[in-house]
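>>> return a 3D structure for these sequence lines:
(one chain, ligands or ions: 1)
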Amino acid sequence: MRHLLLWMARNRWLKEHLPRLPFARRAVRRFMPGETVDEALAVAEPFRAHGIGMLFTRLGENLADLGEAQEVADHYHGLLDRIAALELDGEISVKLTQLGLDLDTDATFRHAASLCEHAARIGGAFWIDMEGSAYTEPTVAMYERLKAEHANVGLCLQAYLRRTPVDLQRLMPLNPAIRLVKGAYDEHAAVAFRKRNEVDAAYQSLAVLMLPQAAAGELRLGLGTHDLELVDRIADYAARAGYPKTCFEVQMLYGIRARDQVRLAESGYRVRALISYGEAWYAWYLRRLAERPANVAFALRQLFG
Ligand code: FDA
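Down below sits the predicted model:
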């Protein structure tokens, strides 16, 4: 099922036709508040009330021409202005291919750098999502380049990739901000662990490796997962080592484990919800379905009900 859904996520014909179906539009609402920035910002209040920070991302991936990258950058500058005006604890998370990584590395760097500067001015961070493994090296290299000039840039690393421990050793001296996730793409066994227990073990050992530096305030650690048992194990380890609860932040997606997000925030953990919006939700939505087959049943109920 997972491989089928991830294949569907890459299929061009489906990408063009499926999003037009009303049932698909209804089903996606479970994971995103809407397609516009207004709809995304409109759900901020309950998060703010519970002390939960937010991460906003406009969905979209690879671009066909560089002019589109300028449009994406302009959009995020506008979003940062809106976040500042609303005085939200809101940050942004962007895929580098949205900023033109396939087309022009220097132009991508310039767009990302100006978003870092803008985010710093409003007191927040600029996060970089991690895409399929073909982009891992250019993304890590771009992170190093940005981090040399901007303290407030964060990077997503995927625990399922066999190379991630080496990437982490490379980045830790930079006092990075890391969002650790399991990984959402369909990767070959040569580059990624494919068994759940292997991915979970890799996740835990990477998190534990970062905890001392995070507790010392020299690394910002975001645990980007809904796996509460895994979060509990990492939190137990941190508590036994005498690290404060605030040494990491739990980051979850809007619409998933909403009650747990509140519970964690109320029990003293730092929590941040990633709110996605935009028209280009098809591939992203299919990856959410692939993460949990029960979500397919939910989508089908939208078709028949
Ligand atoms: P796992 O899949 O083991 O799920 C644990 C439990 O959480 C499930 O049993 C279920 O109860 C619940 N759950 C998980 N996913 C669900 C879903 N879709 N619907 C309903 N319940 C669900 N990936 C990537 O490759 N690059 C990136 O940049 C990012 N960025 C990112 C940011 C943030 C804030 C999060 C939370 C996740 C990402 N991801 C990502 C996605 C990540 O790689 C991974 O695919 C998902 O988080 C699902 O894995 P879990 O860690 O939640 O564990």
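>>> how about whichever strand in the chain runs longest and the ligand, touching?
The longest strand of the chain (DSSP state E) is strand 270-277. Yes: remark: strand 270-277 sits within contact range of the ligand at residue 274, by Cβ under 6 Å from any ligand atom. Quick note: C-beta positions are derived from backbone N, CA and C, even for glycine.
>>> who touches that strand?
With contacts defined as Cβ atoms under 8 Å, 6 or more residues apart in numbering, strand 270-277 is touched by 31-37, 39-40, 43-44, 47, 51-59, 91, 93, 222, 224, 245-246, 248-254, 261, 264-265, 284.
>>> the stretch 51-200 of the chain: strands as residue ranges?
53-58, 90-94, 126-128, 153-158, 177-181 (DSSP state E, counting those that start in this stretch).
>>> residue 105 is nearest to which of those?
Nearest of these to residue 105, taken as Cβ to Cβ: strand 126-128 at 13.7 Å.
>>> same for the closest one, what does it pack against?
Under the contact criterion of 3 or more Cβ pairs under 8 Å, 6 or more residues apart in numbering; DSSP states H and E, strand 126-128 touches strand 90-94, helix 105-121, helix 136-147, strand 153-158.
>>> any chance of the ones you listed in JSON lines, plus mean neighbour count?
JSON lines is the format used below for the helices and strands packed on strand 126-128 (neighbours: other Cβ atoms under 10 Å):
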{"stretch": "strand 90-94", "mean neighbour count": "23"}
{"stretch": "helix 105-121", "mean neighbour count": "18"}
{"stretch": "helix 136-147", "mean neighbour count": "18"}
{"stretch": "strand 153-158", "mean neighbour count": "24"}
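>>> and the ones you listed: which comes nearest residue 173?
Nearest of these to residue 173, taken as Cβ to Cβ: helix 136-147 at 10.3 Å.
>>> any idea of the mean pLDDT in that closest one?
What helix 136-147 shows for mean pLDDT is 98.
>>> and that helix, what does it pack against?
Going by 3+ Cβ pairs under 8 Å, 6+ apart, helix 136-147 lies up against helix 105-121, strand 126-128, strand 153-158, helix 164-171.
>>> and the shortest one, how far out from the chain's middle?
Taking the mean C-alpha point of strand 126-128 and that of its whole chain, the gap between them comes to 9 Å (Cα atoms, centre = their mean, to the nearest Å).
>>> does any part of it sit near the ligand?
No: between strand 126-128 and the ligand, judged by Cβ under 6 Å from any ligand atom, nothing touches; the nearest distance is 8.0 Å.
>>> ok, and what's touching that strand?
If you take Cβ under 8 Å, 6+ apart as the criterion, strand 126-128 is touched by 55, 91-96, 112, 115-116, 119, 139, 142-143, 146, 150, 152-156, 177, 179.
>>> grab the nearest non-local neighbour of the spatially most central residue of the chain.
Geometric centre of the chain, nearest residue: residue 129, 5.3 Å, by Cα atoms, centre = their mean. Spatial nearest neighbour of residue 129, chain neighbours left out: residue 95 (4.6 Å); criterion: Cβ to Cβ, 6 or more residues apart in numbering.
>>> how far away is the one you found from residue 127?
10 Å (Cβ to Cβ, to the nearest Å).
>>> quick check: residue 229 is in a helix.
Yes: note on residue 229: a helix contains this position according to DSSP: H, G, I helix; E, B strand; the rest coil.
>>> please begin residue numbering at 53 from this point
Understood, numbering begins at 53; the last thing we discussed is residue 281.
>>> fine by me, thanks again.
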